[in-house]
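Visitor: predicted model and sequence follow; I will ask about them next.
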Amino acid sequence: MSAQQSTTFDRLRAILAEKFEVAPELIDPAARMDQLGIDSLAVIEVIFQIEDEFKISIQSDPGELQTLADLVACVDRLAEEQRARASAGAARP
Amino acid sequence: MRRVAITGLGVVSPLGNGAQNFFDRLVQGYSGVARLPDDFHPRLLSRVVAPVSFDGAAHFGAVRLRMLDRVSQFALVAAAEAIADAGALFEDGDRETTGVFVGTGMGGAQTTDEGYQSFYEDRSDRVKPYTVLMAMNNAAAAWIGIDHRLLGPNLTYSTACSSSAVAIAEAWKRISTGELDVMIAGGSEAPLTFGTLKAWEALRTLATEDPDDASASCKPFAKDRSGLVLGEGAAIVVLESWDRATSRGAHIHAELAGYGLSMDAEHITRPTVAGQARAMTAALASARMSAGEVGYVNAHGTATVANDAVETAAIKEVFGRGATVLPVSSTKSMHGHLLGAAGALELAATVLAIERRVLPPTLHLTHPDPECDLDYVAGVARPVTNLGAAMSNSFAFGGTNVSIVCRAAG
C-alpha cells in the first residue's frame, strides 16, 4: 500500500468509526461493507461523506465498491484525475 | 365488552419530556410557546411556535439518527417511556400479539422539507437514500414495532388534528372486543419546518404574536384569540385488558372507558356543533356513562375563532344545564397544537388530571368572549377532591371528530 493510500485509508477509517459507529478493530482493507454492518443504503451515505471529505464526486456503481480497498482505490483514482485536470488547466497559457 | 386499563404513559412535549414532568409544568401554568429565532427563515411571518427541546444524539447513535426523522425520534422516546412506565409489560410474553397504532398528520415533514430544499433550491442531485423511509407516515409506528419486537397489527392513522385520538380509540376497540390484550398507541408530530409553517401561515389560522409576551400568543376561548400555535412532540400510552393489568399487579393510571367518533361532512375546515356534539354523545354511550359523571373536559380548544365558539356550543348541547358548572380547559394554551399528536398528548393530560386530582388551566384567558361562557379553569390549575371521569376532545380539518372518556382507576 502506498503512502497516499494509507492516508486515504486512515481518513476512511475515521469516517466509518465516527459517522457509522464501526468498531475500529474490524476496519481493514479487505473488510466488505456488509461485514461492517453497512448495508446497500448506508453505502450511499458513506459515499456522500467521502465526497464531502475528499471534495470529489463518485460516479461509480455502489455495487462495485464492496470492500474498503475498493473505496480507497476509487477515491485515489478520482483525486489523481482531479489533480491532473487542475495541473492541465494551470499549464494553459 | 372488556374493560381497558391505561398502564403506561410517555411524553415528549414543548413543556419538557416525561409524562409526569409534562403534567407538573401544565399545573404550574408554564408556557412552551416561544418566538422563533430571528435567523430562522426571515420570510416566515408567523413566528410563534411550541418547540421541543430535544437532542436526538442523547437517545440514538449516529447510524440510527440518520434513519430517523424527528417525528420517529419523538415517537420512539415516548414509546420507550410508556413501555417502561407500564413495568414488566412483556414478562409473560404477548409481544407476538401486541399492536402499535400511531397517529400523525404530517409524517416525516422535516425529511420532506430538507429533501425538496436540497433538490429544488440547492439543485443537488444527492438525495439521502433513507428519504422515503424517513418521510413515510408509518415510519414512527414501524420503528416502535421493530425496536420492541411487537408483532401484532401495526397501523398508522392520519385524520389531521384527531389522528392520535383515532389511533388510541381504535386501539381501545381491539382490546375491548377481545381481539388483543396489549396495545401501544398514540401519536407523534414534528411540523416545525419552514415549508410546513409557511403552508399553515397561508391557511390564515395561526396566532398573531402577542406584542407583550410571545409565550402568551395562544389564547383559547378568549375574545382576543387569534389562532392556533403549532407545536411538536409525541405522546404514547400503553393499553391493556383490565384483567391482564390487574393480574400482573400493574399500576393503572385510569380506565379508558370509551370513545365516540363522528364526521362533520359539511366543510373541509369549518367545524359544526352537531358533529362535535355527536362525538361527545357517542363517547358517553360507548362508556355507558351519563353526562353528569364527567367532571372535566380537556377541550380541543385550538384558539381559532371558529373552533372555540363551536366547541363551547357543542359542550352545552351535550351537557345541558350541567355545562355551566363543568370545568373545561385547553392545555393548548401551554403546549400549542401538536396536530396529529395533540389527541394523545391531551389524553395524557386528562388521565393525569384524574389520577392526580388537579385540573390543568387555560392560560391567557383574560378577556372573556361572550360566546365562550363556560368554566375554563382560567389562569391557574384547580385541585379537585374527586374526579371520577373526564373527557378529551379532538377535532380535525376534514371533519373527523373524536371524544375519549376515562374513568378513575379506583
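Guide: That came through fine. Numbering: from 1, shown residues only, chains lettered A, B, ... in the order given.
Visitor: find the nearest non-adjacent residue to residue B:116, please.
Guide: With C-beta to C-beta, 6 or more residues apart in numbering or on different chains as the criterion, residue B:116 has its nearest non-adjacent residue at 6.9 Å, and that residue is residue B:195. Placement of C-beta: from N, CA and C, glycine included.
Visitor: on the pLDDT front, check that neighbour for me.
Guide: With respect to pLDDT, residue B:195 has a value of 95.
Visitor: phi, psi of it?
Guide: phi -60, psi -40 (degrees, to the nearest 10).
Visitor: neighbours of it, how many?
Guide: For residue B:195, the count of nearby residues is 16 (other C-beta atoms under 10 Å in any protein chain shown).
Visitor: could you do the one 10 residues further on as well?
Guide: Residue B:205 is flanked by 21 other residues according to other C-beta under 10 Å.
Visitor: pop out the phi and psi values for it.
Guide: phi -130, psi 0.
Visitor: that one and residue B:94, how far apart?
Guide: Noted for residue B:205: a distance of 42 Å to residue B:94, by C-beta to C-beta, to the nearest Å.
Visitor: swap in residue B:120?
Guide: Distance of residue B:120 to residue B:94, computed by C-beta to C-beta: 47 Å.
Visitor: now the terminal residues of stretch B:291-304, how far apart.
Guide: The first residue of stretch B:291-304 is 26 Å away from its last residue (C-alpha to C-alpha, to the nearest Å).
Visitor: and residue 7, which of the three is it?
Guide: Because you didn't say which chain, this covers chain A. The three-state label given to residue A:7 by DSSP: H, G, I helix; E, B strand; the rest coil is helix.
Visitor: could you do chain B instead?
Guide: Following three-state DSSP, we place residue B:7 in the strand state.
Visitor: and it, what's its pLDDT?
Guide: 98.
Visitor: what's the answer for residue B:158, then?
Guide: pLDDT for residue B:158: 98.
Visitor: which bits of chain A sit near chain B?
Guide: A:18, A:19, A:20, A:21, A:37, A:41, A:42, A:44, A:45, A:48, A:51 (C-beta under 8 Å from any C-beta of the partner chain).
Visitor: send the alpha carbons of the helix or strand that the last one is a member of over as CSV?
Guide: When you say that, I think you mean residue A:51. Of the helices and strands defined by DSSP states H and E, residue A:51 is found in helix A:40-54. The C-alpha coordinates for helix A:40-54 follow below in CSV (Å, rounded to 0.1, in the frame of the first residue of the first chain):
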residue,chain,number,x,y,z
SER,A,40,-26.6,-1.1,0.5
LEU,A,41,-28.4,2.1,1.5
ALA,A,42,-25.8,3.0,4.1
VAL,A,43,-23.1,2.7,1.4
ILE,A,44,-24.7,5.7,-0.3
GLU,A,45,-24.4,7.6,2.9
VAL,A,46,-20.7,6.6,3.1
ILE,A,47,-20.2,7.8,-0.4
PHE,A,48,-21.8,11.2,0.4
GLN,A,49,-19.5,11.5,3.4
ILE,A,50,-16.4,10.6,1.3
GLU,A,51,-17.4,13.1,-1.4
ASP,A,52,-17.6,15.9,1.2
GLU,A,53,-14.4,14.8,3.0
PHE,A,54,-12.3,14.5,-0.2
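Visitor: if we can go back for a sec, state the distance from the residue nearest to residue B:116 to chain A.
Guide: Remark: distance between residue B:195 and chain A (C-beta to the nearest C-beta, to the nearest Å) = 22 Å.
Visitor: hang on, that residue packs against residue B:115?
Guide: No - when contacts are counted by C-beta atoms under 8 Å, residue B:195 is not listed as touching residue B:115 (10.3 Å).
Visitor: can you name the residue of chain B nearest chain A?
Guide: Distance from chain A to each residue of chain B (C-beta to the nearest C-beta) is smallest for residue B:129, at 4.0 Å.
Visitor: related to what we said a few turns ago, list the buried residues for the helix holding residue A:51?
Guide: A:42, A:43, A:44, A:45, A:46, A:47, A:48, A:49, A:50, A:54 (16 or more other C-beta atoms under 10 Å in any protein chain shown).
Visitor: could you do stretch B:369-389 as well?
Guide: Neighbour-count burial for stretch B:369-389, counted by 16+ other C-beta under 10 Å, picks out B:369, B:372, B:374, B:375, B:376, B:377, B:378, B:381, B:382, B:387, B:389.
Visitor: can you list which of the residues you listed are found in strands?
Guide: Per DSSP state E, strands hold the following members of these: B:382, B:389.
Visitor: adding pLDDT and distance to chain A, write the buried residues of stretch B:369-389 out as TSV.
Guide: What follows is the buried residues of stretch B:369-389, written out as TSV (pLDDT from 0 to 100; distance: C-beta to the nearest C-beta, whole Å):
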residue	pLDDT	distance to chain A
B:369	97	53
B:372	98	52
B:374	98	53
B:375	98	54
B:376	98	50
B:377	98	48
B:378	98	51
B:381	98	45
B:382	98	49
B:387	97	48
B:389	98	49
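Visitor: farthest pair within the buried residues of stretch B:369-389?
Guide: Spatial extent of the buried residues of stretch B:369-389 (C-beta to C-beta) is set by the pair B:369 and B:389 at 27.4 Å.
Visitor: more neighbours: residue B:120 and residue B:94, which one.
Guide: Higher neighbour count among residue B:120 and residue B:94: residue B:94, with 17 against 9, using other C-beta under 10 Å.
Visitor: what about the closest residue to that one other than its chain neighbours, how many residues nearby?
Guide: Nearest residue to residue B:94, sequence neighbours excluded (C-beta to C-beta, 6+ apart): residue B:182, at 5.4 Å. By other C-beta under 10 Å, the residues close to residue B:182 number 26.
Visitor: same deal with residue B:279?
Guide: Counted by other C-beta under 10 Å, the residues lying close to residue B:279 total 28.
Visitor: so what's residue B:49 bridging to?
Guide: The partner list for residue B:49 in beta bridges (DSSP bridges) reads residue B:34.
Visitor: measure it to residue B:296 for me?
Guide: Distance, residue B:49 to residue B:296, by C-beta to C-beta: 27 Å.
Visitor: so what's residue B:60 up against?
Guide: Contact analysis of residue B:60 by C-beta atoms under 8 Å, 6 or more residues apart in numbering or on different chains lists B:68, B:73, B:76.
Visitor: any idea how far it lies from residue B:224?
Guide: Plainly put, residue B:60 is 42 Å away from residue B:224 if you go by C-beta to C-beta.
Visitor: same check, this time on residue B:208
Guide: Distance of residue B:208 to residue B:224, computed by C-beta to C-beta: 9 Å.
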